[in-house]
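A.B. asks: Let's see this in three dimensions:
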Amino acid sequence: MFPLTVNGQTQTVRGTDQATLLHFLRNDLALNGPKYGCGLGECGACTVLVDGIAARACVIPARGMAGRDVTTLEGLKTAAGLHPVQQAFLDTQAAQCGYCLNGMVMMTVSLLRHTPAPTEDEIRRQLSHNLCRCGTHLEILQAVRRAAVLMATSPVRAELVPPSVRAEPVEAPVGQEARFDRLGTNGVEERGDAFSPVRPELVEGPERLKRLRQAQPERGAGTPAP
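C.D. replies: Presented below is the predicted three-dimensional model:
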């Protein structure tokens, strides 16, 4: 068991070493904003903020989050109302099925934290690894542009960055999200390259998929597809 902060409240993680942060958030805390999509850190539906930086919760071991500050979609809202990014996505009707929206919103929050007035190219690069299968890309881009306008006059921008991060900011390059590595028996022993993968094979895209396919035995004639 170990503590971590989720949406401003201290929580205790109980479970096996194999449990991911996503499983802990959804199954133990009933925080269903982050979605289970691919389970490989590829689609972005599970994105949360860890110490103010966007991270893929489905590939981060829960045990590695001891002492860290996690913010989910539910934690963006304040007593005053919706977070400006949430409001912007509503204003522009940027959702169709809505399954990808958690990741789109959280990546936008992360983007606007370190790039308050992003260019069109920066917005596209930031969201390029978040998948939307419904095709609402134009509305999503419009939502990010509106969010930048709303955030410019919002007091919540600094509140999403934990004090430790404000003191020594670690800025995510546009189009990147945090990957926490160097996991020891007590969780994250140190943060090396903040953007290196928990397991490199999870984030190599087409090359990883190619190797996976090559590793699978050929199905014999008449063998049904899985």
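A.B. asks: which residues sit against stretch 116-130?
C.D. replies: 42-45, 47, 100, 103-104, 107-108, 110-112, 115, 140-141, 144-145, 148, 151-152, 157, 174-175, 177 (Cβ atoms under 8 Å, 6 or more residues apart in numbering). C-beta here means a position set from N, CA and C on the backbone, and glycine is covered the same way.
A.B. asks: quick check: longest helix of this structure.
C.D. replies: helix 137-152 (DSSP state H).
A.B. asks: contact partners of that helix?
C.D. replies: 84-85, 87-89, 91-94, 104, 108, 111-112, 116-118, 120, 123-124, 127, 132, 157.
A.B. asks: Where do the strands of the chain begin and end?
C.D. replies: According to DSSP state E, the chain carries its strands in the segments 2-6, 9-13, 47-50, 53-56, 69-71, 183-184, 187-188.
A.B. asks: Within the sheet, what are the partner strands of the first one, with directions?
C.D. replies: Here strand 2-6 is paired, per DSSP bridges, with strand 9-13 (antiparallel), strand 69-71 (parallel).
A.B. asks: those helices in the chain, which residues are they?
C.D. replies: All helices of the chain, identified by DSSP H, fall at 21-23, 84-91, 101-114, 120-126, 137-152, 163-167, 206-215.
A.B. asks: Would you mind giving the ones you listed as JSON lines with distance to A30 and mean neighbour count added?
C.D. replies: Compiled in JSON lines, the helices of the chain are given as follows (distance: least, Cβ to Cβ, whole Å; neighbours: other Cβ atoms under 10 Å):
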{"stretch": "helix 21-23", "distance to A30": "12", "mean neighbour count": "24"}
{"stretch": "helix 84-91", "distance to A30": "19", "mean neighbour count": "21"}
{"stretch": "helix 101-114", "distance to A30": "15", "mean neighbour count": "25"}
{"stretch": "helix 120-126", "distance to A30": "29", "mean neighbour count": "17"}
{"stretch": "helix 137-152", "distance to A30": "27", "mean neighbour count": "18"}
{"stretch": "helix 163-167", "distance to A30": "27", "mean neighbour count": "11"}
{"stretch": "helix 206-215", "distance to A30": "32", "mean neighbour count": "10"}
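A.B. asks: wait, doesn't G8 sit right on L76?
C.D. replies: No - between G8 and L76 there is no contact, the gap being 11.2 Å when judged by Cβ atoms under 8 Å.
A.B. asks: So which of the two has more stuff around it?
C.D. replies: Under the criterion of other Cβ atoms under 10 Å, the comparison of G8 against L76 puts L76 first, with 21 against 11.
A.B. asks: Let me see the contact set for that one.
C.D. replies: For L76, the contact set (Cβ under 8 Å, 6+ apart) comprises 82-83, 85-86, 105, 109, 160.
A.B. asks: neighbours of G67, just the number please.
C.D. replies: Number of residues near G67 (other Cβ under 10 Å) recorded here: 13.
A.B. asks: Distance of it relative to T10?
C.D. replies: Between G67 and T10 the distance, using Cβ to Cβ, to the nearest Å, works out to 10 Å.
A.B. asks: Give the residues shared as contacts by the two.
C.D. replies: When contacts are counted by Cβ under 8 Å, 6+ apart, the set common to G67 and T10 consists of 3-4.
A.B. asks: just to revisit the earlier point, okay if I get the helices of the chain as JSON lines plus mean pLDDT and distance to A55?
C.D. replies: Written out in JSON lines, the entries for those read as follows (pLDDT from 0 to 100; distance: least, Cβ to Cβ, whole Å):
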{"stretch": "helix 21-23", "mean pLDDT": "93", "distance to A55": "8"}
{"stretch": "helix 84-91", "mean pLDDT": "95", "distance to A55": "17"}
{"stretch": "helix 101-114", "mean pLDDT": "93", "distance to A55": "9"}
{"stretch": "helix 120-126", "mean pLDDT": "93", "distance to A55": "14"}
{"stretch": "helix 137-152", "mean pLDDT": "93", "distance to A55": "19"}
{"stretch": "helix 163-167", "mean pLDDT": "39", "distance to A55": "13"}
{"stretch": "helix 206-215", "mean pLDDT": "49", "distance to A55": "19"}
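A.B. asks: That concludes my questions; thank you for your assistance.
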